[in-house]
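>>> everything below, folded, please.
(chains A and B)
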Amino acid sequence: TQTVSQSDAHVTVFEGDSVELRCNYSYGGSIYLSWYIQHHGRGLQFLLKYYSGNPVVQGVNGFEAEFSKSDSSFHLRKASVHWSDSAVYFCAASSRGGYKVVFGSGTRLLVSP
Amino acid sequence: NAGVIQTPRHKVTGKGQEATLWCEPISGHSAVFWYRQTIVQGLEFLTYFRNQAPIDDSGMPKERFSAQMPNQSHSTLKIQSTQPQDSAVYLCASSSDGSAETLYFGSGTRLTVL
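Now for the predicted structure:
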């Protein structure tokens, strides 16, 4: 069974803080890992993805994520958050070239001023 | 590039009525996906088209849900005899290469069945 787990349903930080949103996966075969952001009332927006190579991938708006095969993790980080980063973040896994995606349950990030 | 366009943004129907949701994928994208999003179930896969052909509708409730893609520029999701449990946000996404590696989502249609 392929699963993506986001253990934190809610994370609250202050503006300017660093943040890490956790994602763990269980997936057989070659895996594509992605992060998406969903602002209130909007669809999901792609942030970044990893398939192979450098385990640290850079995304838009200062986000980065690090893949760890040993920990089966793909955590998302940002060094200094802004209030506009408040949103729900989804981790997702798919196979290379495949069309099925397994989404995590999402982590709601609240950035307080 | 206007992105994926979904209409209407909100739809309210009475129990037993029909609802049709529209999706216009990004021009040139070869695949369209439909998902349903609820607080309880999260994101659920409904159906997938590639080059307009229906490839997988395994997520669709068979009796009342149907989806079509009559041309490259739009897809529709039709729900007959809507029930309160159909209330959800329905998201359409497209991808350029047919895979789910990078999906571009529309803003969704919020369906409320009274």
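
>>> B:Gln85 should be in a strand, yeah?
No - assigned with DSSP: H, G, I helix; E, B strand; the rest coil, B:Gln85 falls outside any strand and is helix.

>>> now it. Nearest residue, chain neighbours left out?
B:Val113 (7.9 Å; Cβ to Cβ, 6 or more residues apart in numbering or on different chains). Heads up, the C-betas are built off the backbone N, CA and C, glycines and all.

>>> and if you look at B:Thr20?
For B:Thr20, the closest residue by Cβ to Cβ, 6+ apart turns out to be B:Lys78, at 5.0 Å.

>>> the residue nearest to B:Gln85 and A:His40: what is the separation?
Distance of B:Val113 to A:His40, computed by Cβ to Cβ, to the nearest Å: 22 Å.

>>> what's the answer for B:Gly106, then?
Taking Cβ to Cβ, one finds B:Gly106 at 15 Å from A:His40.

>>> now swap in A:Val56 and tell me
29 Å.

>>> closest residue of chain B to chain A?
B:Phe105 (3.3 Å; Cβ to the nearest Cβ).

>>> wait, that residue sits on A:Leu44?
Yes - between B:Phe105 and A:Leu44 there is a contact at 4.5 Å, judged by Cβ atoms under 8 Å.

>>> name the SS class of the residue nearest to B:Thr20, please.
Put simply, B:Lys78 is strand when judged by three-state DSSP.

>>> name the residue closest to the centre of chain B, please.
Centroid-nearest residue in chain B, with Cα atoms, centre = their mean: B:Trp34, separated by 3.6 Å.

>>> in which helix or strand does that residue reside?
strand B:31-38 (DSSP states H and E).

>>> please enumerate residues in contact with that strand?
Here strand B:31-38 makes contact (Cβ atoms under 8 Å, 6 or more residues apart in numbering or on different chains) with A:99, B:23, B:25, B:43-51, B:59, B:67, B:69, B:75, B:77, B:87-95, B:97-100, B:103, B:108.

>>> name the residues of whichever strand or helix holds A:Val111 that are buried.
Assigned by DSSP H and E, A:Val111 belongs to strand A:107-112. Buried residues in strand A:107-112, counted by 16 or more other Cβ atoms under 10 Å in any protein chain shown: A:107-109, A:111.

>>> which residues touch it?
For strand A:107-112, contacts defined as Cβ under 8 Å, 6+ apart pick out A:6, A:8-15, A:17, A:19, A:21-22, A:81-89.

>>> need the buried ones from the residues you listed selected in PyMOL.
Buried residues among the contacts of strand A:107-112 (16+ other Cβ under 10 Å), as a PyMOL selection:
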select buried, chain A and resi 6+11+13+19+21+22+81+85+86+87+88+89
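
>>> return the subset of the contacts of strand A:107-112 lying in strands.
A:10-14, A:19, A:21, A:87-89 (DSSP state E).

>>> circling back: neighbour count winner among B:Val113 and A:His40?
Neighbours per residue, other Cβ atoms under 10 Å in any protein chain shown: of B:Val113 and A:His40, the larger number sits with B:Val113, 19 against 8.

>>> residues in contact with that one?
B:12-15, B:19, B:82-87.

>>> can I get the residues you listed in a markdown table including neighbour count, distance to A:Tyr32 and pLDDT?
Shown next, in a markdown table, are the contacts of B:Val113 (neighbours: other Cβ atoms under 10 Å in any protein chain shown; distance: Cβ to Cβ, whole Å; pLDDT from 0 to 100):
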| residue | neighbour count | distance to A:Tyr32 | pLDDT |
| --- | --- | --- | --- |
| B:Val12 | 13 | 37 | 97 |
| B:Thr13 | 18 | 37 | 97 |
| B:Gly14 | 8 | 42 | 96 |
| B:Lys15 | 11 | 40 | 96 |
| B:Ala19 | 21 | 33 | 98 |
| B:Thr82 | 21 | 35 | 97 |
| B:Gln83 | 13 | 35 | 96 |
| B:Pro84 | 9 | 36 | 96 |
| B:Gln85 | 9 | 32 | 95 |
| B:Asp86 | 20 | 31 | 97 |
| B:Ser87 | 15 | 32 | 98 |
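
>>> nice, that's everything, thank you.
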